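Undergrad: sequence first, predicted coordinates after that:
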Amino acid sequence: MKKIKILFVCLGNICRSPAAQGVMQRLVDERGLGKQFEIDSAGTYSGHRGQLPDPRMRRHASRRSYNLTHRARPIDYSDFDYFDVIVAMDESNRRNLMRMAGCPAHERKIVMMGDYIVKLRAHYDYVPDPYYEGAEGFELVLDLLEDACSNLLNRFSTTN
């Protein structure tokens, strides 16, 4: 069975994408699918390279029992070959990824996280950046990610 490799991408790889990685990894592990999936995250901006996720995101995530230990890294061109699916948190990230993709095969791997949001779909078709928001921004992001990751995993676990 081929392992499905998913890469979550936001701007700095310190809030949304490492949280998505943590949420998805826990869902995969809880469903006993660890051998079928590889989950990672990256950013389109390299200024936070090597940093842990934002302390506010780690704090809010830990309240939901997520332990975010990923170190920020920028997306690399080799990621387009390696990963099966590259998930953009918002339209700006998608545009940046499309510019980097370089060929139609790579472009087809890029999907929007908002496409998997169901519960708050009437209000959100993307995952907003909580960096300049208060506590409610981080909680909203985690709500959106829990919903979207569950739906994304359902898509791939039923086709695999």
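TA: Good, I have the coordinates.
Undergrad: for the helix ranked longest in the chain, list every residue counted as buried.
TA: Using DSSP state H to define each element, the chain has its longest helix at helix 135-159. Buried positions in helix 135-159, judged by neighbour count with 16 or more other Cβ atoms under 10 Å: 137-138, 140-150, 152-153, 156. Bear in mind the C-beta positions are built from the backbone N, C-alpha and C, glycine included.
Undergrad: which residues of the chain fall in strands?
TA: 4-10, 37-43, 85-88, 110-112 (DSSP state E).
Undergrad: ok and the longest helix of the chain relative to strand 4-10, angle-wise?
TA: Per axes from the mean of the first three to the mean of the last three Cα atoms, to 10 degrees, the angle that helix 135-159 makes with strand 4-10 is 160 degrees.
Undergrad: what packs against helix 135-159?
TA: strand 4-10, helix 16-30, helix 55-63 (3 or more Cβ pairs under 8 Å, 6 or more residues apart in numbering; DSSP states H and E).
Undergrad: list of residues touching it?
TA: With contact meaning Cβ atoms under 8 Å, 6 or more residues apart in numbering, helix 135-159 is reached by 4, 6, 15-16, 19-20, 23-24, 27-28, 31, 33, 36-37, 56-57, 59-61, 64, 66, 85, 87, 113-114, 116-120, 124, 127-128, 130.
Undergrad: quick revisit: can you redo the helices and strands packed on helix 135-159 as CSV with mean neighbour count?
TA: Converted to CSV, the helices and strands packed on helix 135-159 look like this (neighbours: other Cβ atoms under 10 Å):
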stretch, mean neighbour count
strand 4-10, 25
helix 16-30, 24
helix 55-63, 17
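Undergrad: D76: which of these is closest?
TA: strand 4-10 (10.2 Å; Cβ to Cβ).
Undergrad: where's the closest one relative to the chain centroid, distance-wise?
TA: 6 Å (Cα atoms, centre = their mean, to the nearest Å).
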